[in-house]
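A.B. asks: Quick one, what's the 3D model for this:
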Amino acid sequence: MPVTNLAKQLRSDLNLAGYYPDVVAGVIDVALADEPVSSFLVHPETTFDETEVFRHLTALVLTPTRLVVAHVDDAPGADGRPAALATTESVALSEVRSVALTHGVSEPARSRGMETQELTVAISWGTAQSMDLVPATCGDPDCEADHGYTGTMTPEGVEVRVSAHAEGSGALAGALGFARALSGATAGSRGSQA
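C.D. replies: Numbers count the residues shown, from 1 in each chain. From the prediction side, this is the model:
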């Protein structure tokens with residue numbers, strides 16, 4: 001990455017997340033291809049089931065021309081050793097179709113101004129959509145009729161939720177700053193196409 005203050009802060013946030021920071025920084029560096037960082041959001045997630053811990057990190061990096069999306073997950077390694085899968089996708093700002101921001105506000109009637117407690121950033125791009133289908137049912141447990149399928153279509157994109165309660169007010173402030181920068185950058189790229 002070109003060494004700018006934002007690039008240094010991105011690396012610092014990757015180190016703070018603590019999830020293979022050298023790997024994540026390396027894949028982002030390749031995807032950036034020396035383009036400068038305009039804004040970023042680093043979001044580590046840890047989930048649990050009865051027996052295992054699953055780690056995941058999403059990094060969204062805005063450049064003057066693109067949105068770079070990096071996902072890193074734990075993966076089964078050879079001989080039981082830890083491994084990770086790191087994927088990046090570069091999306092031209094002109095291809096971003098929507099930026100949806102959902103603000104969670106506690107006690108909105110009592111708030112002066114907007115006091116966001118959590119923010120969900122949902123970004124969609126391109127024309128591809130994924131479809132999840134399941135057999136449709138009528139609710140009768142004894143019915144054997146074919147009711148076809150039902151499902152949902154999800155546009156190609158990414159969604160990240162940041163909560164002041166879970167990640168801290170600093171992480172939420174960073175997410176709000178990234179959301180503002182992304183909204184401005186994508187509005188400008190769409191306007192230049194008209």
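A.B. asks: in the protein, which spans are helices?
C.D. replies: Taking DSSP state H, the helices of the chain run over residues 5-17, 21-32, 164-167, 169-193.
A.B. asks: can you list those in a markdown table and add distance to His71, mean pLDDT and mean neighbour count?
C.D. replies: All C-beta atoms are positioned from the backbone trio N, CA, C, and that covers glycine. Compiled in a markdown table, those are given as follows (distance: least, C-beta to C-beta, whole Å; pLDDT from 0 to 100; neighbours: other C-beta atoms under 10 Å):
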| stretch | distance to His71 | mean pLDDT | mean neighbour count |
| --- | --- | --- | --- |
| helix 5-17 | 13 | 93 | 16 |
| helix 21-32 | 9 | 96 | 18 |
| helix 164-167 | 18 | 92 | 14 |
| helix 169-193 | 16 | 84 | 16 |
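A.B. asks: right, and those - which one's nearest Arg55?
C.D. replies: Among the helices of the chain, the nearest to Arg55 by C-beta to C-beta is helix 5-17 (9.7 Å).
A.B. asks: then the closest one to CSV, C-alphas only?
C.D. replies: Taking C-alpha atoms only, helix 5-17 is exported to CSV below (Å, rounded to 0.1, in the frame of the first residue of the first chain):
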residue,chain,number,x,y,z
ASN,A,5,-1.8,8.4,6.9
LEU,A,6,-5.0,6.5,5.9
ALA,A,7,-3.0,3.5,4.8
LYS,A,8,-1.1,3.6,8.2
GLN,A,9,-4.5,3.8,10.0
LEU,A,10,-5.9,0.9,7.9
ARG,A,11,-2.8,-1.2,8.9
SER,A,12,-3.2,-0.2,12.5
ASP,A,13,-6.9,-1.2,12.5
LEU,A,14,-6.0,-4.6,10.9
ASN,A,15,-3.4,-5.1,13.6
LEU,A,16,-6.0,-4.2,16.3
ALA,A,17,-8.5,-6.7,14.8
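A.B. asks: could you check the angle helix 169-193 makes with it?
C.D. replies: Helix 5-17 runs at 140 degrees relative to helix 169-193, counting by axes from the mean of the first three to the mean of the last three C-alpha atoms, to 10 degrees.
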